[in-house]
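In: Have a look at this prediction, sequence included:
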Amino acid sequence: MGMGGLVLLPLAPPPINPHSSSPLGLLLSPPTFKSFKFNNLRSKSSQSRTTSITMASIKVHGVPMSTATMRVLAALYEKDLDFELIPVDMRAGAHKQEPFLSLNPFGQIPALQDGDLTLFESRAITEYIAEEYSEKGEKLLCPGCKKVKATTNVWLQVEGQQFDPIASKIAFERIFKGMFGMTTDPAAVEELEGKLVKVLDIYEARLAKSDFLACDCFTLADLHHLPAIHYLMGTDSKKLFESRAKVCDWVKKITARPAWAKVVALQKQ
């Protein structure tokens, strides 16, 4: 089944915890997906891929349908960085075994290697990318005074603590339960959407004051929302975004970014 350009294969799912704060992280790796090196240039024709071992400094271990992996890929594309995407066969439980556990002892994707540095937790990875490669591509962390930085940190926390736990659960109910032979709980969806409405009302008020959440620049605070929004905009829950003028305009702006289009395109390979 497909949604919003996403190709999903009918694989046997691993055990699922429906109470997980981010159930979308349980998405599976297509068995035909291979290791690719991406020369991150703006021209689509310049993107190359290879199934052989490469010398890319940055390696991302994950799958392009996982929201957490998508978050990291978006940051890499915004920075125009070359990287190698190494698939993790979650269907076979590779994320719970060595050698992956040496990259992330919690057994969750993604993990990033940059030379001799290994990181996990997608939001920590994106902040590293933004800071380490500050002179490349988009800034992602708006340059300015300490007050601007503090405001950015606030909205980074809002996404992780207020928005994503609700949005991911709605997507799980509306999309992925059906994939795994489970039944959507309409009462749960209604309750979750009621919670998301309150968050989006706050976003509407905030976006009346600035072009993006943290300031008038696109930052990680906006980028971190993209994976969950991508899935929800393919469901009836999109009305929650579209019914709020400022939120609707913001969603259109951030989902239309060329870097994000490249992340979505990876899901088709």
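Out: Arrived safely.
In: Distance-wise, check the spatially most central residue of the chain relative to Lys177.
Out: The centroid of the chain falls nearest to Arg71 when counting by C-alpha atoms, centre = their mean (3.0 Å). In this view, Arg71 and Lys177 are 22 Å apart by C-beta to C-beta, to the nearest Å. Any C-beta I mention is one placed from the backbone N, CA and C, and that applies to glycine too.
In: does the residue nearest to the centre of the chain count as helix, strand or coil?
Out: helix (DSSP: H, G, I helix; E, B strand; the rest coil).
In: what number of residues lie near the closest residue to it other than its chain neighbours?
Out: Leaving aside its sequence neighbours, Arg71 sits nearest to Ser122 (C-beta to C-beta, 6 or more residues apart in numbering; 4.5 Å). By the measure other C-beta atoms under 10 Å, the count of residues near Ser122 is 29.
In: where does the stretch 51-200 of the chain dip in pLDDT?
Out: 51-56 (pLDDT under 70).
In: Okay, strands next: where are they in it?
Out: Using DSSP state E, counting those that start in this stretch, the strands of the stretch 51-200 of the chain run over 58-62, 83-87, 111-114, 117-120.
In: got JSON lines for the ones you listed, with distance to Leu140 and mean neighbour count too?
Out: Shown next, in JSON lines, are the strands of the stretch 51-200 of the chain (distance: least, C-beta to C-beta, whole Å; neighbours: other C-beta atoms under 10 Å):
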{"stretch": "strand 58-62", "distance to Leu140": "15", "mean neighbour count": "24"}
{"stretch": "strand 83-87", "distance to Leu140": "16", "mean neighbour count": "23"}
{"stretch": "strand 111-114", "distance to Leu140": "15", "mean neighbour count": "22"}
{"stretch": "strand 117-120", "distance to Leu140": "16", "mean neighbour count": "16"}
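In: Nearest to Val148, out of the ones you listed?
Out: strand 117-120 (25.0 Å; C-beta to C-beta).
In: starting at the chain centroid, how far to that closest one?
Out: 17 Å (C-alpha atoms, centre = their mean, to the nearest Å).
In: show me what contacts the residue lying closest to Asp114 once chain neighbours are set aside?
Out: Nearest residue to Asp114, sequence neighbours excluded (C-beta to C-beta, 6+ apart): Ile58, at 5.0 Å. Neighbouring residues of Ile58 by C-beta atoms under 8 Å, 6 or more residues apart in numbering: 76, 81-84, 112-114.
In: Let me know the closest of those residues to Thr235.
Out: Nearest to Thr235 out of the contacts of Ile58 is Leu76 (C-beta to C-beta; 27.1 Å).
In: got the domain boundaries for this structure?
Out: Following the TED database, one gets these domains for the chain: 58-133, 146-257.
In: Brilliant, that's me finished.
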